[in-house]
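**Q** Need coordinates for the below:
(4 chains)
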Protein chains: 2
Amino acid sequence: MADSGGTGLPPGLEAAWGLRERPAKGPRPGLSVHRIVDAAVALAASEGLAAVSMGRVAKELGVSTMSLYRYVGAKDELYVLMQDAAIGAPPDPPPPGTGWREGLARWAWAQRAVFQRNLWLLRIPVSGPPATPNSVAWWEAGMEALAPTPLDEGAKISVVLLVGGFVRNEAGLMADLAAAVTATGGTPEQVMARYTRTLRLLADPERFPAVARALESGVMDGPDDPDHEFRFGLERLLDGVQVMVERTDG
Amino acid sequence: MADSGGTGLPPGLEAAWGLRERPAKGPRPGLSVHRIVDAAVALAASEGLAAVSMGRVAKELGVSTMSLYRYVGAKDELYVLMQDAAIGAPPDPPPPGTGWREGLARWAWAQRAVFQRNLWLLRIPVSGPPATPNSVAWWEAGMEALAPTPLDEGAKISVVLLVGGFVRNEAGLMADLAAAVTATGGTPEQVMARYTRTLRLLADPERFPAVARALESGVMDGPDDPDHEFRFGLERLLDGVQVMVERTDG
DNA sequence: CCCTTACTGCGTATGTCATACGCACTACTG
DNA sequence: CAGTAGTGCGTATGACATACGCAGTAAGGG
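**A** So this is what the prediction gives:
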């Protein structure tokens, strides 16, 4: 009735945090949460998140579907564990003396790299605030980056949330584009070109003058540096934080 | 083989844009895309997005499941149409002479209000860039707000994307919190308190000193102004844009 | 030494879902 | 009045998550 640690956490999550006493009584488990999550992650990486069904993961492991439920309570729990496994540990902290701006920028770029390596991560339906070891570790790293700053704790949390949300959002747009590319075939440029062409067809320049102007300006057609949008948003964001830092400071 | 307009768009979307010649041949349709989308939106509003299945929507309309497929090609298409219907038209443009900062802020707040009224919107899996009439209208409104600005078209697009993404993200966090509240019962404060308590239990202060410091500081316990986080992020964002505007200007 | 007990793997069953297919019918066009 | 495009919908298919219960297994208590 009571969980091992009394945390009220689902079983898989307790395993992720390293609580979880080895059961002493029954037959030796032939599986582990770790192996299940690994298989699920591999599947998501090679065939997309949609391919991750309980049955399919079980098949990959050579066991029956229902065996998995001895290790994870539900599919959502598996999702959470997959997420934690995929994001991994944050990068090593930058050398001491690094400014907050560079630290936070590094943090954002590193997080983006993780998403880009695992685009399926962004398809996982979010269910709540982060409570897995690696999520907390990333959060810690972000807070650490803001340590040289005079901001109070509440503001630091808000900034980390803000930048983290931006990264996730921007990566999501990339993932959408990538999905469209694999779905329809062709290069990213072709997909964008098709999109702008459709929009030009649909969006009456009289009703949508500003959008039409943007479409006509041609900025959406050119072969874009894939990092451009991200760099742009991040710079705006950091500028905004800097304004607050300088105001607080002096 | 060729669609009516040759746009290559799915049938429901063409209907949304008002293309779509009335078919002259067969029996009069007993349904319309509009009625289907309305029923689906009402269902999502009252019972959540998960309650929206093709069968359930059909039942609500008193028709058979398969009838719906005469009007929408697939469920994803219905999602897109629901989204467009729910976001509705953007607010009237602010009086001429309004500064870009106030205009963009109004725009962001209005968009947030839409999400808050329809939390299920944020549960719809995103599939691509906006191509529905109301999405484009909101985009137009955002671009219009930046008109008094010396930024070039590319930068304007990026800013609108950036702020829009922020709003969506922030609203998503609110939706998560709301979901946790209805799932577990209790007030938002209780949910937050439970979260921080769990985190205090799990996050070793030695491994996560910055997080621990934040938890200890008590900023996460207090009864938060629900607008606080949003206002904070928006101000940072606008400050960041302002830096660029002033740099471009002068 | 054996038996209780907690735990394992898993077969089976249930209910939900999206959607393909084809049939019978309807109302306009020639 | 026939042809025909378009309608509503019954039926079927194949995934899917997951509840339930049974049979086997290994460690501990007597």
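**Q** Surely A:Gly30 and A:Val63 touch.
**A** Yes: contact criterion C-beta atoms under 8 Å: A:Gly30 and A:Val63 qualify, at 7.3 Å. Placement of C-beta: from N, CA and C, glycine included.
**Q** When these two are compared, which one has more neighbours?
**A** For the pair A:Gly30 and A:Val63, the greater number of neighbours falls to A:Val63 (17 against 11), based on other C-beta atoms under 10 Å in any protein chain shown.
**Q** Look at the closest residue to that one other than its chain neighbours and give its secondary structure.
**A** With C-beta to C-beta, 6 or more residues apart in numbering or on different chains as the criterion, A:Val63 has its nearest non-adjacent residue at 6.4 Å, and that residue is A:Leu31. For A:Leu31, the secondary structure call by DSSP: H, G, I helix; E, B strand; the rest coil comes out as coil.
**Q** Tell me the backbone dihedrals of A:Leu31, please.
**A** Its backbone dihedrals place A:Leu31 at phi -130, psi 180, with angles given as degrees, to the nearest 10.
**Q** Can I get stretch A:221-230 as CSV, trimmed to CA atoms?
**A** Coordinates of the C-alpha atoms in stretch A:221-230 are reproduced here as CSV (Å, rounded to 0.1, in the frame of the first residue of the first chain):
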residue,chain,number,x,y,z
ASP,A,221,12.1,31.9,-49.7
GLY,A,222,15.8,32.1,-49.3
PRO,A,223,17.7,29.1,-48.2
ASP,A,224,17.8,29.8,-44.5
ASP,A,225,20.6,29.2,-42.1
PRO,A,226,18.8,26.7,-39.9
ASP,A,227,20.3,28.3,-36.8
HIS,A,228,19.2,31.8,-37.7
GLU,A,229,15.8,31.8,-36.1
PHE,A,230,17.2,30.3,-32.9
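**Q** in that stretch, what's buried?
**A** Using 16 or more other C-beta atoms under 10 Å in any protein chain shown as the test for burial, stretch A:221-230 gives A:229-230.
**Q** How about residues contacting it?
**A** A:112, A:170, A:173-174, A:188-189, A:192-193, A:196, B:158, B:161 (C-beta atoms under 8 Å, 6 or more residues apart in numbering or on different chains).
**Q** quick check, nearest of those to B:Gly99?
**A** Distance to B:Gly99 across these (C-beta to C-beta) is lowest for B:Ser158, with 19.6 Å.
**Q** Show the contacting residues for that closest one.
**A** The contact partners of B:Ser158, by C-beta under 8 Å, 6+ apart, come to A:229, A:232-233.
**Q** Is the residue nearest to A:Val126 when sequence neighbours are not counted within a helix or a strand, and which one?
**A** Counting by C-beta to C-beta, 6+ apart, the nearest residue to A:Val126 once its immediate chain neighbours are dropped is B:Asp176, at 6.2 Å. Using DSSP states H and E, B:Asp176 maps to helix B:153-184.
**Q** so what does the following helix or strand past that helix touch, helix or strand wise?
**A** Downstream of helix B:153-184, the next assigned helix or strand under DSSP H and E is helix B:188-202. With contacts defined as 3 or more C-beta pairs under 8 Å, 6 or more residues apart in numbering or on different chains; DSSP states H and E, helix B:188-202 has these neighbours: helix A:133-145, helix B:153-184, helix B:209-217.
**Q** Kindly reformat those helices as CSV and extend each row with distance to B:Leu119 and mean pLDDT.
**A** Converted to CSV, the helices and strands packed on helix B:188-202 look like this (distance: least, C-beta to C-beta, whole Å; pLDDT from 0 to 100):
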stretch, distance to B:Leu119, mean pLDDT
helix A:133-145, 23, 97
helix B:153-184, 5, 93
helix B:209-217, 27, 94
